[in-house]
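# Sequence first, predicted coordinates after that:
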Amino acid sequence: MAAFTLHRILYGDWRQAVLGHLVEHLRTAGHQLQERDTSTFELKTRSGKPEPLPMRDSLAILEDDQTGALRVLDFHDWPDPFDIPHVAADPRLKLLLRCQYRDGAFRGPGHEAIRPWTYFDGRWPSLEPRLEELRRRRRTVAKLHFRGHLWKEREPLIRALQRRGVLDADVSALPYEQYLEEVASHRVILSLAGMGDLCHRDMEAFAVGTCVLRTNPRSRLHDPLKPNHHFVSVPGDAAVDPPEEMADRIERRFHELTQNAGYLGFVAHNAQQWYDRNVRLPASMRLTESLLELER
């Protein structure tokens, strides 16, 4: 069985948690694996010239100690980070898995090695011990739920929905446990794109079993999220469409949903199953091992 070195920079959040569980999983599966905390990784160009790559918290490189083949995990939120084309152009790259994969984002050398992965919640996997309890909660709050930063792109839409009485009046940050209680008590949550097209709140709502209302994501995952099956789709682009027009579409779709409890339950159940296949432990680690194409 091959031996590997995982190159990464330590960073104490969900990304490091994912890598820690992946290392444990791969070792348990019989892979030989050592970890290396490094600030720079030396890429190779197609001309053979070395190129130093600054290692950031959103990249991890799995290097085959015998063949030199590279397998990369990419946690970046935005669709076209500047360092990915450099990694893709390294002739040693076997594949690169992206949390926020978007078709056509890269067209340069090696782009065919870039593939969709999965995504995770913001405190992954800390909510897992509470999943079954939260899924059993009665969802009685009839207003839309949203908690998030009021960036200038978001605030006009949020305020428009609040004026209409559709959205909760307070959207400021909460302690995590209190936030989970709110998500589990609402019938529908609103997900708006943030740093990335997909959001941690999508995953958190999927996990606890609350229906998500959002525009169709442009990011694609290995196990595709299907509109009106895993989430309820509202047309448009909240980042560019006039806020009042977008608020009108969201309000109209929301009122349709609140009159159809069976459909809400159907979508929430499908999303739970998706979460269990792709995000929950140990399924997400088995999935990642498979996508990395590591031979046992």
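Great, that's in hand.

# switch to C-alpha atoms for all contacts and neighbour counts from now on
Fine.

# Contacts for stretch 228-240, please.
By Cα atoms under 8 Å, 6 or more residues apart in numbering, the residues outside stretch 228-240 that reach it are 153-154, 157, 192-193, 211-216, 225, 227, 246, 249-250, 253, 266-268, 270-271, 274.

# one more time with 6 Å, if that's ok
153, 212-215, 227, 267, 270-271 (Cα atoms under 6 Å, 6 or more residues apart in numbering).

# and it, average pLDDT?
Averaging pLDDT along stretch 228-240 yields 94.

# a markdown table please, covering the contacts of stretch 228-240 and showing distance to E128, secondary structure and neighbour count.
Shown next, in a markdown table, are the contacts of stretch 228-240 (distance: Cα to Cα, whole Å; DSSP: H, G, I helix; E, B strand; the rest coil; neighbours: other Cα atoms under 10 Å):
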| residue | distance to E128 | secondary structure | neighbour count |
| --- | --- | --- | --- |
| E153 | 32 | coil | 14 |
| V212 | 19 | strand | 28 |
| L213 | 23 | strand | 25 |
| R214 | 24 | strand | 24 |
| T215 | 27 | coil | 21 |
| P227 | 25 | strand | 16 |
| V267 | 20 | helix | 22 |
| N270 | 18 | helix | 20 |
| A271 | 15 | helix | 27 |
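
# Switch those over to JSON lines; also include distance to P85.
Output for the contacts of stretch 228-240, formatted as JSON lines (distance: Cα to Cα, whole Å):
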{"residue": "E153", "distance to P85": "28"}
{"residue": "V212", "distance to P85": "33"}
{"residue": "L213", "distance to P85": "33"}
{"residue": "R214", "distance to P85": "30"}
{"residue": "T215", "distance to P85": "28"}
{"residue": "P227", "distance to P85": "30"}
{"residue": "V267", "distance to P85": "37"}
{"residue": "N270", "distance to P85": "35"}
{"residue": "A271", "distance to P85": "33"}
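
# quick check, nearest of the residues you listed to A283?
A271 (15.0 Å; Cα to Cα).

# Looking at the contacts of stretch 228-240, spot the one nearest H7.
The closest of these, once distances to H7 are taken by Cα to Cα, is A271, at 33.0 Å.

# check contacts around that closest one.
206, 230.

# Find me the pLDDT at it, would you?
Note on A271: pLDDT of 98.

# how close does it get to L144?
Using Cα to Cα, to the nearest Å, A271 is found at 18 Å from L144.

# Check R164 too.
11 Å.

# Between the two, tell me which one has more neighbours.
Taking neighbours as other Cα atoms under 10 Å, R164 and L144 compare with L144 leading, 23 against 11.

# show me what contacts the nearest residue to that one once chain neighbours are set aside?
Once flanking residues are discounted, L144 sits nearest to L167: 4.7 Å by Cα to Cα, 6 or more residues apart in numbering. Counting by Cα under 6 Å, 6+ apart, L167 touches 143-144, 161.

# returning to what we had before: out of the contacts of stretch 228-240, which one sits closest to Y119?
For those, the nearest to Y119 is A271 (13.2 Å; Cα to Cα).
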